[in-house]
Structures are given as structure tokens and as C-alpha cells.
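Undergrad: Structural data only, the sequence is not supplied:
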DNA sequence: ACTTACACCTGCCAGC
DNA sequence: TGCTGGCAGGTGTAAG
């Protein structure tokens, strides 16, 4: 479910409430809550202080006063909520991290709070990992996202230009550019007026540049709106929905008129997922 | 070295 | 009412 804007919304919420806090207890409630490649159990973070909450693309990690980091990926349906330990537990609660000394709580109560990892489909995970130059093991192969200082627009354009895959598949490839998922890929291609199935090598560098900058622009607007929520799946750390779905131009709008030319938006099955586009604007 | 197909899950909704 | 198939925001992997 969550793409870069949703993950960033969660990251910013966590940063606000949990940086500086010490983890006093940790528990998993589902066998897949901890990634199999985790170097230690979740209990190993007990006693650690949270120094920062970092993100690259759709990957989040807690920087701790330890050699290792605690990585979190939300998969298709994961949530991280910050709640008082006494508040009702969600059906799909997979793990928690109880905080010993948090200064602020979302409810402004003096109650102890905890970070809850909730995940209906169980594609998300937590993992205790070693780091190299501050980057955890499972994030090492993920490309810079467009909001990082190190993001090299020219390098990404020339990489894409050499590819033989469809442009949509390429921008979904987290090893080339990270953070873009199915929603923002469709939105970026609509903004750039490009059909999702065009082969990268057949595009001009200017066209490729336009897709990449459109992806960054649409994700920036979505962050401002608190992300895209269609249902109960995406929530920020306070359990609130984002409202960017009303600003989407094509995603989830099959059969509705294109806002530029009024042609009806089409949905096609492509690369094992749905693609939404305007058949007139995007040839 | 790339690219693609598929597996990994649970739940909801439309249609019969 | 209850079944079935299709669909859902992602990623790692195996095989071509």
C-alpha cells in the first residue's frame, strides 16, 4: 500500500514522537513480523535509545545507540501507530515497541506509549540489521529516492535511456530510482503524457526527465497532503488518513473523464498489476 | 546484466 | 445466503 509519500508521512510522525525515547519492551505477535534474515530477535532492541528515524524510498529504519539498526518495511498493508499502551489492540497487531520515556505523546497524556506494527497482509516486516555507512543491509541495494541530496538526475536519466523495458516497469524498479509505486507511477506518466508501455530506449532524454521530475512533483504534493488513503489500510502514526486520493488524475479513475481532454480513463493489466492512463493524452 | 513471472498473504466486493 | 473470482499501495527470487 504505502509508497514514498505515505512512508514519509509515517517517518515524520515517528520522528516527532519517538526520537530520544528508550525502548523498554518489544514483542512480536506473528511469525512473519520479523524478517528471516534479521541478525537478532526483536528483544535485542530493548534498552536502546532511538536516535533518528530514517527513510530511503519505501524503507524506514530506526537509528539506535547501537551498532545495529531496526528496519521496517510496510509492504502492502503495514502501519506503524504511536498509541498509549492501554488503548485497544488492533486485530492485525504484529509487533510492538514499548517506549520508556517519551516526552510527547499523540494524546498528550502522561501514559506510556508504544509503537505498534499492524499489518493485515503480512508482506511488511521488521528486521534487526547491521549497517554500512549508516545504511542497513536490506536497504543497500535500493537506489536513492528523488528527495535525497545524492540523487543524481542525469545518472538516472542515462540509466533509464539504456533500458529495454517499458517505462512504467523501469520507474517501479527500486534499484534505479526508489520510492515510486503503482499509484505515483501512473500519475507521473499521466503528467508527462507518456503511455506506460513505451520502451525506455524509444523515449528522448527530455521525455525521461519529464517523467522523473513529474514523479518527484506528484510525490511532493502527496507528502503535503499526508499521503493517499483509499480505505482503512493507510494511516499516519496517529491513525489519520491522508487526503491526496482526491488529487489523483488517473489512478483508480477508470471510466472517469481525463481532466485535460475528457477522454475516459482506461485501466489495463500490465506487468501483473493495473495501469491507469488517458488513451488520448498518453499515446 | 536485464527483464519478467510469480509467490508470498488477508480481506473485500461484485456477480451469480 | 454463500460461493467464486478478481482485485489491492510491494518485493525477493528464479528462470528466461
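TA: All right, it came through fine. Keep in mind that what you see is a predicted model, and the values were worked out from it rather than measured. Numbering: from 1, shown residues only, chains lettered A, B, ... in the order given.

Undergrad: How about the secondary structure of residue A:154?
TA: Reducing the assignment to helix, strand or coil with DSSP: H, G, I helix; E, B strand; the rest coil, the entry for residue A:154 is helix.

Undergrad: And it, how far from residue A:122?
TA: Distance of residue A:154 to residue A:122, computed by C-beta to C-beta, to the nearest Å: 39 Å. All C-beta atoms are positioned from the backbone trio N, CA, C, and that covers glycine.

Undergrad: quick one, which of those two is more surrounded?
TA: Looking at residue A:154 and residue A:122 with other C-beta atoms under 10 Å, you find the greater number of neighbours at residue A:122, namely 16 against 9.

Undergrad: what residues are up against the closest residue to the more buried one other than its chain neighbours?
TA: Setting aside the residues directly before and after it, residue A:122 is nearest to residue A:32 in space (C-beta to C-beta, 6 or more residues apart in numbering), at 4.9 Å. Contacts for residue A:32 (C-beta atoms under 8 Å, 6 or more residues apart in numbering) come out as A:94, A:122, A:125.

Undergrad: Quickly find the element holding residue A:32.
TA: Counting by DSSP states H and E, residue A:32 is held by no secondary-structure element, helix or strand.

Undergrad: Contact partners for the residue in chain A that DNA strand C sits nearest to?
TA: When you check chain A against DNA strand C by C-beta to the nearest atom of the strand, the closest residue turns out to be residue A:181, at 1.8 Å. Residues in contact with residue A:181, defined by C-beta under 8 Å, 6+ apart, are A:2, A:3, A:4, A:58, A:172.

Undergrad: same question, residue A:26
TA: Contacts of residue A:26 were listed using C-beta under 8 Å, 6+ apart, and they are A:42, A:43, A:45, A:46, A:95, A:96, A:97, A:98.

Undergrad: does it sit in a helix, a strand or a coil?
TA: Going by three-state DSSP, the secondary structure assigned to residue A:26 is strand.

Undergrad: Name the single longest helix found in chain A.
TA: Among the elements of chain A assigned as helix by DSSP state H, the one spanning the most residues is helix A:205-224.

Undergrad: in that helix, what's buried?
TA: Going by neighbour count (16 or more other C-beta atoms under 10 Å), the buried part of helix A:205-224 is A:207-212, A:214-216, A:218-219, A:222-223.

Undergrad: Just the contacts of residue A:26: which are in strands?
TA: Cross-referencing the contacts of residue A:26 with the strands (criterion: DSSP state E) gives A:95, A:96, A:97, A:98 as the overlap.

Undergrad: how about the residues of chain A near DNA strand B?
TA: Residues of chain A found near DNA strand B, taking C-beta under 7 Å from any atom of the strand as the criterion, are A:32, A:76, A:91-92, A:120-123, A:162-166, A:169-170, A:173, A:200, A:271-272.
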